[in-house]
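> I would like to see how this sequence folds:
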Amino acid sequence: EVLVSTWSLAGFVVGHAGLYQALAMFAVAYFIIGMTVLSVCAIATNGALDAGGAYYMISRALGPEFGGSIGIMFFLANVCGSALYVLGLVEAVVDSFGVPPGQKVGTGVHVLPQSYWYELLYGTVLLALCLVVCLVGASIYAKATFLIFLIVAGVLGTILISFFATRPIGVPIRLPHFNGSETENGSFTGFSLATLRDNLGGGYGVDYTTGQIMSFSSVFAVMFNGCTGIMAGSNMSGDLKRPSYSIPRGTISAVLFTYLVYNLLAFLMCATCNRTLLQKDYGFLRDISIFPPLVTVGIYAATLSAAMSNLIGASRILYALARDDLFGRALALAKKTSASGNPIMAVILSWLVVQLVLFSGKLNTIAGVVTTFFLLVYATVNLACLALEWASAPNFRPTFRYFTWHTCLLGIAGCCVMMFLISPVSASASLGFLLLLLLALHYLSPSSTWGYISQALIFHQVRKYLLMLDVRKDHVKFWRPQMLLMVQNPRGSARLIDFVNDLKKSGLYVLGHVELQDLDALPSDPLQAQQDSWLGLVDKLNVKAFVSLTLAPSVRHGVRQLLFTSGLGGMRPNTLVLGFYDDAAPQDGLAQHPAFTSAREEVPLGFPPVRGPAAPKLLSAREYVGIVADALKMLRNVLLARHLESLDKAWELRRAAGSPPSIHVWPVNLLRPDSARYADTCSLFLLQMACVLNMTRAWRRARLRLFLCVEAGAMPHAQEDKLRQLLKDLRIQAQIQLVPWDAVVSLHWQAQRAPPGGPALAEEESAVNFPANATQVSDEYVCAANKLILEQSPVPAVRFLYLPRPPADTSLYPLYLHHLDLLTRDLGPTVLVHGVSAVTSTQL
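Coordinates of the predicted model:
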């Protein structure tokens with residue numbers, strides 16, 4: 001197809017741009033085309049190709065969003081290109097056989113009336129001829145184009161001979177479109193140094209077919225359309241027997257041959273024809289040919305072939321789009337094919353769109369739009385190849401190796417620059433249209449099984465940056481919570497999952513689950529089948545979390561596995577979150593979660609029903625406390641969440657307009673009032689977690705209330721000033737409330753004698769270990785502490801309490817859990833927090 005327009009466009013280009021600028025245009029155009037051809041060849045030789053050409057390559061490389069949007073753009077480019085060639089053929093026919101407006105139909109060859117409607121009629125007839133050939137099928141089209149190729153090659157040979165054989169002559173030029181019957185005289189001078197010198201520089205004039213003054217960009221736009229045939233072979237990829245073999249060889253041969261022909265013709269025309277002839281008569285080659293009728297036949301046949309090529313290419317792209325179901329029912333009609341497999345409805349629909357474009361009436365009117373569309377498609381082909389190369393996927397092994405990421409990048413840059421140089425308005429509008437299609441397909445199109453290059457690129461970049469994330473360079477200033485939330489059944493933990501998502505503060509969030517089975521006794525891994533259900537849950541709940549599932553003989557062993565293995569490199573969980581261990585039967589809160597009730601979605605069926613009241617638990621109280629102890633030994637912070645399923649965040653935020661919700665913080669170890677401190681590591685971590693929750697968008701209007709427990713005679717105001725200064729240094733905004741608790745402390749055991757080693761050792765032990773005489777903490781005291789917490793008003797949305805370390809004596813684990821149960825009973829949403837790492841900083 002590229003060959004068919006070389007002689008007609010070369011005269012137009014050198015007539016307006018001159019030899020130097022014409023050669024520059026050819027070089028730029030073929031540089032862009034050459035880079036794109038290398039990308040096309042690479043993609044075409046990397047696997048089996050189907051119908052759709054460039055659309056098929058881009059969609060399978062970049063995914064359905066890019067593929068579908070570029071497919072529509074490429075379809076429109078081929079449609080407009082077909083109309084462009086039909087209008088060019090009409091122009092050639094009218095120049096040869098037309099009667100100027102206002103004159104009667106003459107004798108001889110000038111028998112066709114000229115007007116907008118007559119030319120539209122001629123274009124319709126010619127387009128109908130193209131339709132008939134395309135409806136018959138690709139085989140008849142291939143035979144017709146091969147016959148046309150032979151004709152065009154013969155004509156080209158005749159033209160080259162004519163430059164040497166024809167003597168200098170004057171050529172009368174009739175300008176019917178704008179100047180009535182006025183004529184001018186052009187000259188074929190034969191080879192002349194003076195003629196060549198006159199044609200070296202640019203001399204942009206008026207295009208006699210449109211009346212518009214030409215410029216570098218407008219001439220380049222028309223010229224570039226003659227080079228778009230490089231995609232003709234790839235568009236027929238579904239009809240070729242060996243597309244991976246034929247496309248690279250045919251495309252590269254066409255590009256090299258036509259580039260040489262363009263440059264040769266440009267030089268011959270500049271050396272033999274004056275500028276008037278080149279600018280005022282685009283069909284001058286008939287007048288200087290040794291056999292003029294053959295040139296006319298060649299022009300008609302060549303242009304008709306180009307129109308058919310674009311029409312059949314558009315139909316194949318439309319058929320591929322319809323078959324992929326990216327636009328649903330909108331393109332369902334285009335799926336229908338004939339018994340031989342020819343997509344007849346796609347051909348008819350493409351013909352209708354081309355017919356509509358014919359109403360524009362003038363060739364150069366739509367040239368800029370067509371060129372912009374083609375450049376955008378070429379840029380995306382280069383982008384697809386660049387993405388495949390940068391992704392470094394092992395399966396990207398094209399047999400064509402004469403490309404690098406540099407050629408792809410140069411092709412993209414060349415396309416984008418020329419697109420905006422030709423027409424900034426058309427380029428901006430095309431990119432805007434492309435963006436709209438991308439967004440529409442992203443949200444409306446069904447998921448595909450083609451593979452997404454974005455995933456490969458993300459993997460490549462994430463791996464690179466994970467290697468750069470050095471844990472040895474961690475600093476407390478940049479600490480963030482990285483959560484591992486253990487979930488037995490998501491049906492009973494939906495609101496807890498959502499709450500921990502608010503606590504993660506852009507950190508790592510992993511949903512962990514332990515399946516109690518033995519892989520040796522199973523035929524295959526049962527976790528593979530569950531993975532999709534968990535990932536679907538993450539999508540529906542809209543939480544930014546990973547999923548980590550494991551098999552283990554016990555829950556405790558499974559949690560250990562996940563604490564050891566979850567995460568990668570510098571992204572590993574530093575905080576373990578557990579639901580609270582009590583006798584309450586879990587409730588199925590997933591069905592009432594807003595993510596399912598608002599969208600009327602069915603709850604994922606991959607999760608079993610929640611445990612009934614009579615069903616046994618999967619772990620004992622001793623094992624549960626052992627998990628907490630294991631996490632602390634592994635230097636992981638621990639959060640125990642109780643009654644979080646009763647937290648209605650949406651209701652709390654709705655009432656925030658009138659009365660902002662509050663977050664109550666108790667940064668003192670209520671089970672050890674004799675060792676209460678507000679500035680130890682655990683207390684500061686508790687403050688940090690409450691502050692992190694308050695910093696999230698959903699909880700930003702909530703107010704932090706910090707409770708300072710004081711005894712009579714202990715200088716409470718001095719303690720308050722000290723705590724207020726600490727909050728100021730930590731940049732935490734919170735209201736401090738003094739809470740007298742003499743009555744509660746009086747229920748506690750008498751102060752213990754300091755152990756050998758002095759007060760410092762006693763203080764350290766109290767901060768690290770639950771005391772060995774934990775049995776001396778009475779239930780009466782713990783219940784009094786619970787009542788003290790409940791008496792503080794207003795009722796908060798959530799409470800943060802200090803979690804003491806489990807006792808070193810494992811026989812005291814049940815008693816330890818019993819005291820925690822008493823302490824948090826009826827408190828509503830409560831988070832018990834124990835921190836082992838420094839997380840706050842007062843430095844810049």
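
> Regarding residue 705, what is its secondary structure?
Three-state assignment for residue 705 (DSSP: H, G, I helix; E, B strand; the rest coil): strand.

> tell me the contacts of it?
Contact analysis of residue 705 by C-beta atoms under 8 Å, 6 or more residues apart in numbering lists 662, 663, 664, 665, 734, 735, 737, 792, 796. To be clear about C-beta, it is placed using only N, CA and C from the backbone, and glycine gets the same treatment.

> give the contact list for the last one.
With contacts taken as C-beta under 8 Å, 6+ apart, residue 796 has the following neighbours: 661, 662, 663, 664, 705, 828.

> Which strand or helix spans the fourth one?
Read it as residue 664. strand 662-666 (DSSP states H and E).

> Tell me which other helices or strands that strand touches.
helix 681-695, strand 703-710, strand 798-802 (3 or more C-beta pairs under 8 Å, 6 or more residues apart in numbering; DSSP states H and E).

> Deepest-packed of those, please.
When you average the neighbours per residue for each of these (mean count of other C-beta atoms under 10 Å), strand 798-802 leads with a mean of 25.

> ok, back up a step: which among the contacts of residue 705 gets closest to residue 188?
Proximity of the contacts of residue 705 to residue 188 was ranked by C-beta to C-beta; the top entry is residue 663 with 91.0 Å.

> Looking at the closest one now. What's its pLDDT?
Residue 663 is assigned a pLDDT of 92 by the prediction.

> From what I see, it and residue 795 are in contact.
No. With contact defined as C-beta atoms under 8 Å, residue 663 does not reach residue 795; the gap is 11.7 Å.

> Which one's more surrounded, those two?
Neighbour totals were compared for residue 663 and residue 795, and residue 663 leads with 22 against 12 (other C-beta atoms under 10 Å).

> still on that earlier bit, walk me through which strands the strand holding residue 664 pairs with, and which way each runs.
strand 703-710 (parallel), strand 798-802 (parallel) (DSSP bridges).

> Show residues contacting it.
The contact list for strand 662-666 (C-beta under 8 Å, 6+ apart) reads 686-687, 690, 693-694, 699, 702-707, 709, 734, 789, 792, 794, 796-802.

> hey, where'd the strands end up in the stretch 101-250 of the chain?
Ranges of strands in the stretch 101-250 of the chain, per DSSP state E, counting those that start in this stretch, are 112-113, 169-174, 183-188.

> got JSON lines for the ones you listed, with mean pLDDT and distance to residue 307 too?
Below are the strands of the stretch 101-250 of the chain laid out as JSON lines (pLDDT from 0 to 100; distance: least, C-beta to C-beta, whole Å):
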{"stretch": "strand 112-113", "mean pLDDT": "78", "distance to residue 307": "19"}
{"stretch": "strand 169-174", "mean pLDDT": "76", "distance to residue 307": "26"}
{"stretch": "strand 183-188", "mean pLDDT": "80", "distance to residue 307": "28"}
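
> can you put these in CSV and add distance to residue 839 and mean neighbour count?
Shown next, in CSV, are those (distance: least, C-beta to C-beta, whole Å; neighbours: other C-beta atoms under 10 Å):
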stretch, distance to residue 839, mean neighbour count
strand 112-113, 86, 17
strand 169-174, 85, 15
strand 183-188, 85, 17
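
> what would the ones you listed look like in CSV with distance to residue 334?
As requested, the strands of the stretch 101-250 of the chain are exported to CSV (distance: least, C-beta to C-beta, whole Å):
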stretch, distance to residue 334
strand 112-113, 35
strand 169-174, 44
strand 183-188, 47
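
> Residue 464: which of those strands is closest?
Checking the strands of the stretch 101-250 of the chain against residue 464 by C-beta to C-beta gives strand 183-188 as the closest, at 63.1 Å.

> between that closest one and strand 169-174, how big is the angle?
Angle of strand 183-188 versus strand 169-174, following axes from the mean of the first three to the mean of the last three C-alpha atoms, to 10 degrees, is 150 degrees.

> name the helices or strands packed onto strand 183-188?
Strand 183-188 packs on strand 169-174, helix 275-280, going by 3+ C-beta pairs under 8 Å, 6+ apart.

> Quick one: residues in contact with it.
By C-beta under 8 Å, 6+ apart, the surrounding residues in contact with strand 183-188 are 166, 168-175, 272-274, 276-278, 280-281, 284, 287-288.

> Keeping just the C-alphas, turn it into CSV.
Only the C-alpha atoms of strand 183-188 are listed here, as CSV (Å, rounded to 0.1, in the frame of the first residue of the first chain):
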residue,chain,number,x,y,z
THR,A,183,-5.2,28.3,-16.8
GLU,A,184,-1.5,28.5,-15.9
ASN,A,185,1.5,27.0,-17.6
GLY,A,186,3.9,24.6,-16.0
SER,A,187,7.1,23.3,-17.4
PHE,A,188,8.9,20.0,-17.7
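
> quick one on the thing from earlier: ok, which pair from the contacts of residue 705 is furthest apart?
Spanning the widest gap among those are 734 and 792, at 14.0 Å by C-beta to C-beta.

> of the two, who's got more company?
More neighbours surround residue 734 than the other of residue 734 and residue 792, with 19 against 16 (other C-beta under 10 Å).

> So in the chain, where's the weakest helix or strand by average pLDDT?
Least confident helix or strand, the chain: helix 759-768 with a mean of 40, by mean pLDDT, DSSP states H and E.

> I'd like the next helix or strand past that helix.
Where DSSP H and E defines the elements, the next helix or strand beyond helix 759-768 is helix 779-790.

> so that following helix versus strand 798-802, what angle?
If you take the same axes, to 10 degrees, helix 779-790 sits at 140 degrees to strand 798-802.

> which of the residues in helix 779-790 are buried?
By neighbour count with 16 or more other C-beta atoms under 10 Å, helix 779-790 contains the buried residues 781, 782, 784, 785, 786, 788, 789.

> export that helix as PDB, just CAs?
In PDB, the C-alpha atoms belonging to helix 779-790 read as follows (Å, rounded to 0.1, in the frame of the first residue of the first chain):
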ATOM      1  CA  ASP A 779     -10.900 -10.000  90.900                       C
ATOM      2  CA  GLU A 780     -12.400  -7.300  93.100                       C
ATOM      3  CA  TYR A 781      -9.600  -4.900  92.100                       C
ATOM      4  CA  VAL A 782      -9.800  -5.700  88.400                       C
ATOM      5  CA  CYS A 783     -13.600  -5.200  88.400                       C
ATOM      6  CA  ALA A 784     -13.100  -1.900  90.200                       C
ATOM      7  CA  ALA A 785     -10.600  -0.800  87.500                       C
ATOM      8  CA  ASN A 786     -13.200  -1.900  84.900                       C
ATOM      9  CA  LYS A 787     -15.900   0.200  86.600                       C
ATOM     10  CA  LEU A 788     -13.500   3.200  86.700                       C
ATOM     11  CA  ILE A 789     -13.000   3.000  83.000                       C
ATOM     12  CA  LEU A 790     -16.800   2.700  82.300                       C
END
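
> Alright, calling it a day.
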